[in-house]
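Asks: sequence first, predicted coordinates after that:
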Amino acid sequence: MEEENKPVEGETVIVAAPEAEEPKADNGYKDITLTCAECGKEFVWTAGEQAFYAEHGFRQPKRCKECRPIHNARIDEARKERAANGGYSDATKSVAVTDDSKTILN
């Protein structure tokens, strides 16, 4: 039986570092750089995020992580205002037409 290659006391042992692996993309996705529609800043949409978005049927993001909550807050505020106005904006009024007269309904 062959002797195992064990270090002898006082001997210097050189151990090779494991080869660095490139980050693996999830399901074939690769990190891509996008530009935010709000602030114009570039941001990375990671392979993992892309896989998550695809799995849940989401579209590619238009805004960076910093601008998304600000945009969503604006949208929520607009929805609340519409609900407070009966579902219509102030510019939208219902008009009932009878004969030649117009009556504005609120």
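Replies: Yep, it's here.
Asks: make it CA atoms for all contacts and neighbour counts henceforth
Replies: Noted.
Asks: is it true that residue 31 touches residue 51?
Replies: No. Look at residue 31 against residue 51 with Cα atoms under 8 Å: they stay out of range, at 10.6 Å.
Asks: higher neighbour count, the two?
Replies: residue 51 (18 against 14; other Cα atoms under 10 Å).
Asks: so how far is residue 68 from the more buried one?
Replies: Remark: distance between residue 51 and residue 68 (Cα to Cα, to the nearest Å) = 19 Å.
Asks: now do residue 46
Replies: Remark: distance between residue 46 and residue 68 (Cα to Cα) = 16 Å.
Asks: give me the contact list for stretch 51-62.
Replies: With Cα atoms under 8 Å, 6 or more residues apart in numbering as the test, stretch 51-62 has contacts from 26, 27, 29, 34, 35, 36, 37, 50.
Asks: so how do I select the buried members of those in ChimeraX?
Replies: In ChimeraX, this line selects whichever of the contacts of stretch 51-62 come out buried by 16 or more other Cα atoms under 10 Å:
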select :34,35,36,50
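Asks: residue contacts, residue 36?
Replies: Contact analysis of residue 36 by Cα under 8 Å, 6+ apart lists 42, 43, 62, 63, 64, 67.
Asks: longest helix anywhere in this structure?
Replies: In terms of residue count, the longest helix belonging to the chain (DSSP state H) is helix 67-84.
Asks: now residue 57: phi and psi?
Replies: Backbone torsions of residue 57, given as degrees, to the nearest 10, read phi 80, psi 20.
Asks: what about the closest residue in space to residue 44 that isn't next to it in sequence, neighbour count?
Replies: If the residues on either side of it in the chain are set aside, residue 44 comes closest to residue 33, at 4.5 Å by Cα to Cα, 6 or more residues apart in numbering. A count of nearby residues for residue 33, using other Cα under 10 Å, gives 11.
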